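>>> Need coordinates for the below:
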Amino acid sequence: QVQLVESGGGLVQAGGSLRLSCAASGRAFSGYLMGWIRQAPGKEREFVADIHWTRGTTTYADSVKGRFIISRDNAKNTISLQMNSLKPEDTAVYYCHAQPFYEAYRAGYEYWGQGTQVTVSS
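Residues are numbered from 1 along each chain as shown. Now for the predicted structure:
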């Protein structure tokens, strides 16, 4: 059974930092994109960042570029999101997400964590 378990959310003042982690288990993630998607109250889910599990290549949403850094530790089967210079608009539930890199292989192989709350006060 695949599990993605997030940790590290919380309350922080604007300008502060938080680090989220996601522990992945239950299968090999070679060829997967592992990343973070967030959802603010009353809004749709929004892509934040992802990293190719094997290649290490990264992609960021424009709204977080230069402030957030995604990384992976293949030995520990974890990914992390270092969030710096946080803004109130970063407030959301952050979900760890995994899907195959190739879209044709995604049906039935997309996984989600339970989410962790990040609140940034002004």
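
>>> Let me see the contact set for Ser25.
Going by Cβ atoms under 8 Å, 6 or more residues apart in numbering, Ser25 touches 2-3, 5, 77. Placement of C-beta: from N, CA and C, glycine included.

>>> Now the buried members of those.
Asn77 (16 or more other Cβ atoms under 10 Å).

>>> For Ile37, grab the count of nearby residues.
The local packing of Ile37 (other Cβ atoms under 10 Å) involves 20 other residues.

>>> distance of it from Ser121?
23 Å (Cβ to Cβ, to the nearest Å).

>>> again, but for Cys96
24 Å.

>>> just Gly56 next, same as before
34 Å.

>>> Show me the shaky parts of this structure.
Counting by pLDDT under 70, the chain contains no low-confidence segment.

>>> Test of understanding: give the bridge partners of Val93.
Under the criterion DSSP bridges, Val93 forms beta bridges with Gln39, Gln117.
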